[in-house]
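>>> I'll drop the sequence and a predicted model, then ask my questions.
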Amino acid sequence: MAIEVKNIVKKFGAFAALDGVDLKVANGELLALLGPSGSGKTTLLRIIAGLDWPDSGEVSFDGENALAHGASERHVGFVFQHYALFRHMTVFENVAFGLRVQPRAVRKDEAAIRARVKELLDLVQLDWLSSRYPSQLSGGQRQRIALARALAIEPRILLLDEPFGALDAKVRKELRQWLRSLHHEINVTSIFVTHDQEEALEVANRVVVMDKGRIEQIGTPGEVYDHPATAFVHSFIGESIVLPVEVQNGCVRLGGKPLNIGADGIVSGASKLFVRRHDMAIGPAGSGAFEGAVRHVRSFGPIQRAEVALSAGEGTTVIEIDAPRDRELQPGEIVGLQPRRYRIFAA
Ligand SMILES: Nc1ncnc2c1ncn2[C@@H]1O[C@H](COP(=O)(O)OP(=O)(O)OP(=O)(O)O)[C@@H](O)[C@H]1O
């Protein structure tokens, strides 16, 4: 099922939690809503689910107005961060619940319900836990059961709000791969909310980056990482070196000193230069667009992370660079720095 959201505004008092959001989700996509705390991700998800209503704007499912229907009529499955399993019911009964409470006209008979629950437990690979109670499961297992339960009613859309938010880092990683392959198998249009960029980039087909109730960029993981559309996206995704620069007639200066690089389309004014840590090449003094003094070096695995001080006019800016270990850097050494790739955005 395709989803279209048009110009959604949602205010809480005078505060706009969503400030004109447009979004199209194609049938079968696995989309991540990524943004810092308070950016409006959950509010958008709740509006799509029918748990909340916008002040203005439109939501449609396959071209049909979804706002005319409440949550129960939208055929949407949810999974939340905090396991919403019923504690007094076994895993089997938790998954069966949605099927048992369906209106009589569409309700399956007992044998069909049992077969469907078995199929869902096989799908999430937890058939062997069917007679346990939620308190006897690990956090990761509970979330997989919550997913099986959400899928029981054959939702047209699956919405997941920080589904792995409460789990430890290792389990989260395992569940990311699991979710991706599960989605591949069931192919239901799915939207998941996360504030974890790695999770969004690893799991989703497309990522929607949000900040302050607005969409900053929509793109594939490769697009948002390699071609960030705004300064916010550049600093939120991946690790960047950010330098406050001044552009004057196309000449880029740091603390008054000219940097030997192009101005990336900016003509004049206070700006910010963004470079990924691994995109800053370090060479001998005099080899790059500007220079710095190595302060501290930590080496691990294939990289060395160097703290380099740039003396720029009045102040000193310290940046961290990831360099390969082909030449070990020494504290005190003066090095030449050359951004291999960078972006400049007006401040
Ligand atoms: N019921 C409410 N009443 C008042 N303000 C609200 C309400 N719900 C959300 N907000 C505000 O709207 C903004 C967006 O909230 P939302 O929960 O959508 O953010 P989020 O991006 O999901 O954040 P998080 O990652 O912390 O869950 C926040 O500033 C929040 O305080």
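It's in. Numbering: from 1, shown residues only.

>>> drop to CA atoms for contacts and neighbour counts, all remaining ones
Will do.

>>> can you pull the contacts of residue 181?
By Cα atoms under 8 Å, 6 or more residues apart in numbering, the contact set of residue 181 is empty.

>>> work out for me the element it sits within.
Assigning secondary structure by DSSP states H and E places residue 181 in helix 169-186.

>>> centre of the chain to that helix, how far?
14 Å (Cα atoms, centre = their mean, to the nearest Å).

>>> export only the CA atoms of that helix, formatted as CSV.
The C-alpha coordinates for helix 169-186 follow below in CSV (Å, rounded to 0.1, in the frame of the first residue of the first chain):
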residue,chain,number,x,y,z
ALA,A,169,23.8,-2.6,21.2
LYS,A,170,24.6,-6.2,20.2
VAL,A,171,21.0,-7.4,20.1
ARG,A,172,20.0,-4.2,18.2
LYS,A,173,22.5,-5.1,15.5
GLU,A,174,21.2,-8.6,15.2
LEU,A,175,17.6,-7.4,15.0
ARG,A,176,18.5,-4.9,12.2
GLN,A,177,19.5,-7.6,9.8
TRP,A,178,16.6,-9.7,11.0
LEU,A,179,14.1,-6.9,10.3
ARG,A,180,15.6,-6.3,6.8
SER,A,181,15.3,-9.9,5.8
LEU,A,182,11.8,-10.2,7.4
HIS,A,183,10.7,-7.2,5.4
HIS,A,184,12.1,-8.7,2.3
GLU,A,185,10.0,-11.8,2.9
ILE,A,186,6.7,-10.1,3.8
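
>>> so what's residue 312 scoring on pLDDT?
For residue 312, the model assigns a pLDDT of 63.

>>> flag every residue of the stretch 151-300 of the chain that's near the ligand.
Taking Cα under 6 Å from any ligand atom as the contact definition, the stretch 151-300 of the chain meets the ligand at residue 195.

>>> how many residues are close by residue 170?
8 (other Cα atoms under 10 Å).

>>> distance check, it against the ligand.
20 Å (Cα to the nearest ligand atom, to the nearest Å).

>>> what of residue 248?
37 Å.

>>> which one is that residue nearest to, not counting chain neighbours?
residue 268 (4.7 Å; Cα to Cα, 6 or more residues apart in numbering).

>>> hang on, the one you found packs against residue 344?
No - contact criterion Cα atoms under 8 Å: residue 268 and residue 344 do not qualify, at 11.3 Å.

>>> looking at these two, which one has more neighbours?
Per other Cα under 10 Å, whichever of residue 268 and residue 344 has more neighbours is residue 344, with 23 against 15.
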